[in-house]
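# Predicted model, plus sequence, below.
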Amino acid sequence: MDVVSGLKFEGKHEEFGCDASILLDDTAAFKGEKNANPNRNSLRGFEVIDTIKTQVEAACPKVVSCADILAIAAREGVFQVGGPTWTVPLGRRDARTASQSAAPTSSLSTLNLHVLRKRPKRRRHDGALGQPHNWPSTFAATCPASGDDANLAPLDVQTPSRFNNNYYVNLVARRGLLTRIRNCLTVDHRCVSEL
């Protein structure tokens, strides 16, 4: 599920750019987006795309772009963990250069609103969340106080290996893992209304 989450997030990242520039490694000519501050320790699964691209190039050289592979891999990963499928329009072109300044710098509030407005409206969750009242202790082993940005933890502790809306349900119940996103919900009421 970790790689699927990474691919899904990369797919969302590329939704704002659509040229797979996030996949480009740094060269002597430029520093790419992959290691820019907004992306550091947030994206993963690069090796999966590299492997797929190598295999596709061996069978069909210079036909399928990395941007299309990224979009298809994100869709297939979501489907494999029980999420929906969708049509992926093909024909994207790969970037030939990248820039750290091209990395997304929108606030979490703006990005959350962008993503939330694109999904269909659903009924609010009425039932009990079923999470223990001491839910932060769930993260204690994964996110120790002395930890750093390299620690990974599921954003949805109830169903980390399933594609569903529990992440958003937990946010509305003020049980989100990331403080900045929880704060977005208390400070920016547009986020709450979109959820």
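Received the coordinates, thanks. Not measured: the values here are computed from a predicted model.
# For this structure, which element, helix or strand, carries the lowest mean pLDDT?
helix 2-15 (a mean of 47; mean pLDDT, DSSP states H and E).
# which of the residues in the very next helix or strand once past that one are buried?
Going down the chain from helix 2-15, the next helix or strand is helix 46-59, by DSSP states H and E. Across helix 46-59, burial judged by 16 or more other C-beta atoms under 10 Å covers Phe46, Val48, Ile49, Ile52, Lys53, Val56. The C-beta positions use only the backbone N, C-alpha and C, and glycine is treated the same way.
# cool, stretch 71-82 as well?
Buried, per 16+ other C-beta under 10 Å, within stretch 71-82: Ala71, Ile72, Ala73, Ala74, Arg75, Gly77, Val78, Val81.
# Quick one: low-confidence residue ranges for the chain.
Counting by pLDDT under 70, the chain contains low-confidence ranges at 1-18, 38, 98-151, 179-195.
# what's the domain layout of it?
According to automatic domain parsing, the chain is divided into the following domains: 2-102, 108-194.
# Looking at the buried residues of helix 46-59, which one is closest to Leu178?
Phe46 (22.4 Å; C-beta to C-beta).
# For the closest one, which non-adjacent residue is closest in space?
Spatial nearest neighbour of Phe46, excluding adjacent residues (C-beta to C-beta, 6 or more residues apart in numbering): Leu23 at 6.6 Å.
# shouldn't that neighbour be in contact with Leu70?
Yes. Taking C-beta atoms under 8 Å as the definition, Leu23 is a contact partner of Leu70 at 7.0 Å.
# between these two, what contacts are shared?
By C-beta atoms under 8 Å, 6 or more residues apart in numbering, Leu23 and Leu70 have these common neighbours: Ile49.
# between these two, who's got more neighbours?
Each of Leu23 and Leu70 has its neighbours counted (other C-beta atoms under 10 Å); Leu70 has more, 29 against 23.
# helix or strand for that one, which one?
Assigned by DSSP H and E, Leu70 falls in helix 66-80.
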